[in-house]
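Visitor: coords please:
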Amino acid sequence: MDLFFRIIKFGLTGLLGMAIDFGATWLFKEKIKVNKYVANAIGFTLAVTNNYLINRVWTFQSTNAHWGTEFSKFLVVSLIGLGLNTFIIYLFHQRKNGTNFYVAKFFAIVIVFIWNFLANMLFTFK
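Guide: Coordinates of the predicted model:
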């Protein structure tokens, strides 16, 4: 049952992160006119920082005194996730002409969610 609630907490945290990610990506891509992949990286980075803090305290209730090391692990997992995220967006948006950028981004988020949860549970916050 503990795993179920962790997945729910991770998912809720992820939804907030997704709102931050989408909002920042939209702002930088549409309003500030930054390259869509750079805008994606900015949104992702802001969401990662937020998600680490919430997941550390709420989802995994970490008491690790070495939070710098823990954050570094979280960041590595997230950077791998960013690579997956960007690759999936590229695949769906660029290679499958006609797929909306934000639809491709949504698919990427779903796939990367699974990677992030498992990697953080088994590596970062074990």
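
Visitor: C-alpha only now, for contacts and for neighbours.
Guide: Noted.

Visitor: Count residues in the vicinity of Leu15, would you?
Guide: Residues lying near Leu15 (other C-alpha atoms under 10 Å) number 15.

Visitor: For Ile8, give me its contacts.
Guide: By C-alpha atoms under 8 Å, 6 or more residues apart in numbering, no residues touch Ile8.

Visitor: at 10 Å what do you get?
Guide: 2, 14, 59 (C-alpha atoms under 10 Å, 6 or more residues apart in numbering).

Visitor: How about Leu27?
Guide: With C-alpha under 10 Å, 6+ apart, Leu27 has these contacts: 21, 33-34, 39, 43.

Visitor: If you count residues, where's the longest helix of the protein?
Guide: Longest helix in the chain by number of residues, with DSSP state H as the criterion: helix 2-26.

Visitor: Which parts of it count as buried, going by neighbours?
Guide: Within helix 2-26, the residues that count as buried by 16 or more other C-alpha atoms under 10 Å are 6-7, 9-11, 13-14, 16-18, 20-22, 24-26.

Visitor: Report how many residues lie close to Phe106.
Guide: Neighbour tally, Phe106, other C-alpha under 10 Å: 17.

Visitor: Enumerate every residue touching it.
Guide: Neighbours of Phe106 in contact, by C-alpha under 10 Å, 6+ apart: 18, 22, 85, 88-89, 100, 112.

Visitor: And Arg56, by the same measure?
Guide: 62-64, 67, 70-71, 74, 124-125.

Visitor: just for this protein, where's the confidence low?
Guide: Within the chain, the segments meeting pLDDT under 70 span 96-97.

Visitor: Isn't Leu16 up against Asn50?
Guide: Yes: assessed by C-alpha atoms under 10 Å, Leu16 is found in contact with Asn50 at 8.6 Å.

Visitor: I'd assumed Asn116 was in contact with Ile80.
Guide: Yes: contact status for Ile80 versus Asn116: in contact at 8.8 Å, counting by C-alpha under 10 Å.

Visitor: neighbour count winner among the two?
Guide: Asn116 (21 against 14).

Visitor: in the one helix or strand that one maps to, what counts as buried?
Guide: Here Asn116, judged by DSSP states H and E, is contained in helix 101-119. By neighbour count with 16+ other C-alpha under 10 Å, helix 101-119 contains the buried residues 104-106, 108-109, 112-113, 115-117, 119.
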